[in-house]
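Trainee: next comes the sequence, and after it the predicted model I'd like to discuss.
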Amino acid sequence: MTPTSILSTHAPATVGIVHLGLGAFHRAHQAVYLERNLARHDGGSWGIASANLRSNRQLVELMRERNQRYHVAEYTDSETLTLREVTAIRETLYAGPGGEDLDALLARMSEPDVRIVTLTVTEKGYHLDPADGRLLLEAEPIRHDIAAPTQPQTAPGMLVEALARRFTADTPAFTVLCCDNMPDNGKRTRRAVIELARQRDEELAAWITEHVAFPCSMVDRIVPAMSEADFERLRAQGIDDPAAVTCETFSQWVIEDDFPQGRPDWEHDGVQMVADVAPFESMKLRMLNGSHSLLAYLGVLAGIETVADAIGREEFVDLLRRYMRDEAAPTLNMPEGTDLDAYADSLLARFANDSLHHRLQQIAMDGSQKLPQRWLDGARKQLADDADIRCAALGVAAWIRYTAGRDLAGARHPVDDPMAETFAALHAEYERPESLIAAFLALDAIFPRALAEDARFSDAVLDAYRTLNDRGVATALADLDAPIR
Ligand code: CS2
């Protein structure tokens, strides 16, 4: 394979964007769009200062050692690779536990030149109730930020403190652009920030309400966690870069165009600037992420390791086709001309990309934060139309079984979820499937009551759970072909 190499040649940009959540996704997605933008302008004023808030100080150190330069390896398939050098990130900071850079980060966020703050802190980083989007005032980190607002630990806390400093200094507000996989992600972030600000100062909360824009966005690119094998593969291509990221070639970013303080001219870099992101967001969450989560829980239970391995099996492809066609697409309300069949086909092709080692365990984490927008919102709509919900019910059954921490053959896996202790307690307490399923569906932080109490849903989850446990994944999948009772 001869990779195509794209070097970064633009002049160094000044910092105009602060990003919270310096993970692989940010570096392979947003930073690449900005890299294109800076290349077109030969630098300019939209460089990024990017911070980690909770973990991964090593990455910050690594980026600094490398003068904030790293590679993004984009694989179309095992034969086609583009190697891109990225220098759009101008500064990296670590503001996590023991983080020496919290003051520097807040100072950066208070500068007049910073006009946008973007976020990828994962669903749980907002401390919102997954079911109703309310800020969890009782969550320990939020309580901390209420008690010590000038030394915040959470993303909403940092936004509030930086906005408070701007308010006091009479500096115009920045725009907050959430890039996490949540429905109405801008609105949710806004709610978290305003509710937290209100705990501190009503006047500040009113100023934020009036002056801060929180556009919604939909982000899409598959960026698996790097493995030693990925680094090795890159070394074989002559790239010895411990800060490199590997991803697919596909990338999409749809942003609501609401930036009162200005923004990069992203529309020339492949970003879709639109008036309403909601349909794109629901489409991606239910079709792509919903399919991912089905593969994750059923796949791990069946002892399968990666997305591509699962897609290599016909029964999983059939499952995803059925789920997308019968349970996800009918719940979407797309702009004219959107071809959801073609979208489903393109997703299956992306999942089949075997040059990415996208581990199902990575997708399986934080299910409590992901299920509502991936399956449950759609299932509610389906039930309202008296339509099929069997794939979603099977997914929920698989997820419940997954949270026991063992696959169907008894092999252990870690359960990485803010509610993991609750799940372990439920599995310890309830042995009979009826009681276990009822106890899980009663978790109102995840399952809206109307759904949990709908017998069409709860019976389907219980049936699927029994089949999975007693007869395995293949039988549970084959059962989807049976006529609806
Ligand atoms: C995945 C997403 O880990 C997960 O939950 O479903 O990270 C997915 O790969 C991205 O949203 C793709 O854009």
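Mentor: Arrived safely, thanks for sending.
Trainee: can I assume Trp266 is in contact with Val254?
Mentor: No. Using Cβ atoms under 8 Å as the test, Trp266 is too far from Val254 to be in contact (10.6 Å). From N, CA and C alone the C-beta is placed, and that goes for glycine too.
Trainee: buried residues in stretch 228-239, which are they?
Mentor: Neighbour-count burial for stretch 228-239 flags 230-231, 233-234, 239 (criterion: 16 or more other Cβ atoms under 10 Å).
Trainee: what of stretch 12-23?
Mentor: Under 16+ other Cβ under 10 Å, the buried positions of stretch 12-23 are 13, 15-23.
Trainee: flag every residue of this protein that's near the ligand.
Mentor: When proximity is defined by Cβ under 6 Å from any ligand atom, the chain lies next to the ligand at 181, 220-222, 289, 292, 362-363, 370.
Trainee: in CSV: those residues, plus pLDDT and secondary structure.
Mentor: Shown next, in CSV, are these (pLDDT from 0 to 100; DSSP: H, G, I helix; E, B strand; the rest coil):
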residue, pLDDT, secondary structure
Asn181, 96, coil
Asp220, 98, strand
Arg221, 98, coil
Ile222, 98, coil
Asn289, 98, helix
His292, 98, helix
Gln362, 98, helix
Ile363, 98, helix
Lys370, 97, helix
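Trainee: can you redo those residues as a markdown table, where the extra columns are neighbour count?
Mentor: What follows is the residues of the chain next to the ligand, written out as a markdown table (neighbours: other Cβ atoms under 10 Å):
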| residue | neighbour count |
| --- | --- |
| Asn181 | 23 |
| Asp220 | 19 |
| Arg221 | 19 |
| Ile222 | 23 |
| Asn289 | 17 |
| His292 | 24 |
| Gln362 | 16 |
| Ile363 | 23 |
| Lys370 | 28 |
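Trainee: identify the farthest-apart pair in those.
Mentor: Pairwise distances across those (Cβ to Cβ) peak at 17.3 Å, for the pair Arg221 and Lys370.
Trainee: nearest to Gly378, of the buried residues of stretch 228-239?
Mentor: Among the buried residues of stretch 228-239, and counting by Cβ to Cβ, the member closest to Gly378 is Asp230, at 33.2 Å.
Trainee: tell me the secondary structure at Ser45.
Mentor: The three-state label given to Ser45 by DSSP: H, G, I helix; E, B strand; the rest coil is coil.
Trainee: Thr175 is in contact with Arg263, correct?
Mentor: Yes. Counting by Cβ under 8 Å, Arg263 touches Thr175, with 7.3 Å between them.
Trainee: what touches both of the two?
Mentor: Shared contacts of Arg263 and Thr175 (Cβ atoms under 8 Å, 6 or more residues apart in numbering): 115-116.
Trainee: ok, back up a step: considering the buried residues of stretch 12-23, which is situated nearest to Ala169?
Mentor: Val18 (16.1 Å).
Trainee: the closest one: helix or strand, and which one exactly?
Mentor: Val18 is part of strand 15-20 when elements are defined by DSSP states H and E.
Trainee: show the average pLDDT along that strand.
Mentor: The average pLDDT within strand 15-20 is 98.
Trainee: mind giving me the packing neighbours of the helix or strand following that strand?
Mentor: Later in the chain than strand 15-20, the nearest helix or strand by DSSP H and E is helix 24-28. Here helix 24-28 touches strand 70-77, strand 245-248, going by 3 or more Cβ pairs under 8 Å, 6 or more residues apart in numbering; DSSP states H and E.
Trainee: could you list the low-pLDDT ranges of the stretch 351-485 of the chain?
Mentor: Along the stretch 351-485 of the chain, the parts satisfying pLDDT under 70 run over 483-485.
Trainee: and Ser251, how many neighbours?
Mentor: Residues near Ser251, counting by other Cβ atoms under 10 Å, number 19.
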